[in-house]
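> Output the structure for:
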Amino acid sequence: MEIFNEFVECCNNYKHDYARIFVDIAKGELDKRKAFRELIKTDRFFVVYFVMGIAKANHPFVVQMCRMCEEGRESGTIDIWAREHFKSTIITIAGTVQRIVNDAESTTVIFSYKKPAAEKFLDAIRKILENDLMRWCFPDILYEKPDTQSSSWSLQGGIRVKRKSTSRKEHTVEAAGLIDGMPTGGHWDHRIYDDCETADLATSPEQLKLCYERFEISRNLGVDGGTEQIIGTYYSHNGVLIKMGNKLDIYGDKMYELRLIPATEDGTILGKPVFFSQKYLDSMKTDGSFNSQQLCNPTPSHNIKLDFGRFKVVKRDDLPKDRIKFIIIDPAGDKEVQSGNGNDSWAMLCVSVRPYLDELGNSDVYIEDGIVGQMGLSSAIDAACSLYIRNGRVEILGIEKVANDTTYEHIRKGLVARGRYLSIKKKGKYGGNLLLLSPEGRGKNYRIEAALSWPLNNGKLHYVDDLCDEVVFSFQEECSKFPLWHVDNLDCLAYLYDILADPTSTYMFQTEVDEDDDLELENESVPKYY
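Have a look, this model is predicted:
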């Protein structure tokens, strides 16, 4: 019964009455070639189901998506659909085939993160243009024997159909890569970006950055009046597709229209499937990739591990008078920045601690000041020195040092030039106020979650009400998207607990005793190291 209902729903949403058309052709009332040519040109579902021969495409969802793509915008779109939901088939492959038969003079380039991935789409298009039905319907556009008759019919070089223009160097369809296989020249009428983000790419910030930079360069390979379409599935909140979607024009408006199609009707794990059977969808719900691959959301709200809403806001005037201040700096990791060239993300926080321990050995922590953003080495040194000087007495300046990074030395010299002197504090030894911090083999996300989860969930973390908006927003974003996002601020804050754990520090923490305690142990409390 369910299958029958789906069939009826499909019939009600088809763009054309196929059964009637086929009957009219059989009766000789319609010219078969003319009818099929028109259907292929104007009906995306006809291409997917009848020309490409994909039987499972005869589903209400696929019919609906074909209609949406036909009737919606032709350019400036980002289609983020659940995996296995026909996005590439409908947009990249069938859409390109239709474009060719409607305008044989048009040129299209398909970009993926690497060229071999784009060649898979080109191969599918090439095979469709080679099939008997297509060659019979469009003898004016398609070669009978393209391997020998066309001037180019390969995955590496691109494919070229019959067209009037013989001098234009761009082929009808070509494949290109953003990271590997970027064209050095050419201008195509239509640019399609499909499969630009992968699971492997999502784990490499350097590759993500490179891929997005190449995407921006590739936009110069279009033409005035041409089209641009982006297709994919999210892997990371810091991924290429997110950055593409956030790209603004010179007026501050988003450049692309997002069409988000999750695997369920309401986009939640308990929602009704839009295409898959319930059994098949349920079988994937235990996979770690379900949120990103099927719900199109790599970090849904119920999976947030660090809830920014649990930070407490405190007025600056209400900060404890006897608090101890620390400044922690997470330098840019880019080698070019460390050598004095280029910009990258820096995070610098002034954090204070109330020198009393609760019954579980934890203290109240306050984020008082901070600087975040893209900076070069010189600007970052100035910012770090300003942060240190304007916050008065600072007990420890902690700077992350990884491998041969010498950022700490640049900052130390900058402070010397401003009349502030620091000496390096060696681990396990007394003295010194410049501490070099190290992850010591601990994974960053593990270290952050281990250090911050308990104090955050138990009301120990605060920030002042006049904290810079940029820093507050950055914390909000990092918390909501942890661990699939850059975590510079959280990394800084987590390092505070490494500093406090050093038993050779000169500052001491006392166990706080209630003033009304009948035992009157105030004078008997023993000082303790944190």
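> What segments of the stretch 151-300 of the chain are strands?
153-154, 158-159, 173-180, 190-194, 227-232, 257-261 (DSSP state E, counting those that start in this stretch).
> Can you show me the CA trace of the third one as CSV?
Taking Å, rounded to 0.1, in the frame of the first residue of the first chain, the C-alpha atoms of strand 173-180 are listed here in CSV:
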residue,chain,number,x,y,z
VAL,A,173,32.6,20.1,-20.1
GLU,A,174,35.9,19.9,-18.2
ALA,A,175,37.0,18.6,-14.8
ALA,A,176,39.2,20.5,-12.5
GLY,A,177,40.6,20.3,-8.9
LEU,A,178,40.9,23.1,-6.3
ILE,A,179,43.8,21.7,-4.4
ASP,A,180,45.2,19.6,-7.2
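> hang on, the earlier thing: which among the strands of the stretch 151-300 of the chain is found nearest to residue 12?
Residue 12 lies closest to strand 257-261 among the strands of the stretch 151-300 of the chain, at 20.4 Å (CB to CB). (C-beta placed from N, C-alpha, C; glycine too.)
> What strands line up against that closest one, and which way round?
Strand pairing for strand 257-261, using DSSP bridges, gives strand 77-81 (parallel).
> Identify all contacting residues around the partner strand.
For strand 77-81, the external contacting residues (CB atoms under 8 Å, 6 or more residues apart in numbering) are 65, 87, 91, 229-234, 241, 244-245, 256-261, 296.
> Need the strands of the stretch 151-300 of the chain in TSV (columns: mean pLDDT, mean neighbour count and distance to residue 347).
Formatted as TSV, the strands of the stretch 151-300 of the chain follow (pLDDT from 0 to 100; neighbours: other CB atoms under 10 Å; distance: least, CB to CB, whole Å):
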stretch	mean pLDDT	mean neighbour count	distance to residue 347
strand 153-154	96	17	49
strand 158-159	96	24	45
strand 173-180	94	23	27
strand 190-194	97	24	31
strand 227-232	96	22	29
strand 257-261	95	16	29
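> Dump these into CSV; add distance to residue 420 as well.
Listed next are the strands of the stretch 151-300 of the chain as CSV, based on distance: least, CB to CB, whole Å:
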stretch, distance to residue 420
strand 153-154, 66
strand 158-159, 62
strand 173-180, 44
strand 190-194, 50
strand 227-232, 49
strand 257-261, 49
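> Which among those strands is found nearest to residue 478?
So among those, strand 257-261 is nearest, using CB to CB, at 22.4 Å.
> quick one, what contacts residue 128?
47, 51, 52, 93, 97, 134.
> The first one: how many residues sit nearby?
Neighbourhood size, residue 47 [other CB atoms under 10 Å]: 26.
> right, and it touches residue 97 too?
Yes - applying CB atoms under 8 Å as the test, residue 47 and residue 97 come out as touching, 5.9 Å apart.
> Could you tell me which ranges of the chain sit under the pLDDT cut-off?
Scanning the chain for pLDDT under 70 picks out 1-11, 203, 237-238, 298-304, 333-344, 359-361, 484-485, 505-530.
> what's the longest helix in it?
Using DSSP state H, we find that the single longest helix of the chain is helix 115-130.
> and the next element down the chain from it?
helix 132-137 (DSSP states H and E).
> In contact with the residue lying closest to residue 140 once chain neighbours are set aside, which residues are there?
The shortest distance from residue 140 to any non-neighbouring residue, by CB to CB, 6 or more residues apart in numbering, is to residue 162 (6.7 Å). By CB under 8 Å, 6+ apart, residue 162 lies in contact with 104, 140, 141, 142, 143.
> Can I get those residues in CSV including secondary structure and distance to residue 324?
Formatted as CSV, the contacts of residue 162 follow (DSSP: H, G, I helix; E, B strand; the rest coil; distance: CB to CB, whole Å):
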residue, secondary structure, distance to residue 324
104, coil, 74
140, coil, 82
141, coil, 77
142, coil, 77
143, coil, 79
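> Filter the residues you listed down to the buried ones and hand me the PyMOL line.
Command for PyMOL, covering only those of those found buried under the criterion 16 or more other CB atoms under 10 Å:
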select buried, resi 104+141+142+143
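> Closest one of the contacts of residue 162 to residue 381?
Looking across the contacts of residue 162 and measuring by CB to CB, the closest to residue 381 is residue 104, at 59.3 Å.
> is it true that that closest one touches residue 141?
Yes - counting by CB under 8 Å, residue 104 touches residue 141, with 4.7 Å between them.
> list residues touching both of these two?
With CB under 8 Å, 6+ apart, residue 104 and residue 141 have common neighbours 161, 162, 163.
> From residue 182, how far off is residue 126?
Per CB to CB, to the nearest Å, residue 126 is found 21 Å from residue 182.
> How about residue 432?
49 Å.
> can you check residue 189 too?
Taking CB to CB as the measure, residue 189 falls 18 Å from residue 182.
> How about residue 491, nearest residue that isn't a chain neighbour?
Closest to residue 491 by CB to CB, 6+ apart is residue 330, at 5.0 Å.
> and what of residue 399?
If the residues on either side of it in the chain are set aside, residue 399 comes closest to residue 408, at 4.3 Å by CB to CB, 6+ apart.
> tell me the contacts of that neighbour?
Taking CB under 8 Å, 6+ apart, one finds 399, 401, 434, 436 in contact with residue 408.
> and the first one, backbone torsions?
Translated: residue 399. Main-chain dihedrals, residue 399, degrees, to the nearest 10: phi -130, psi 130.
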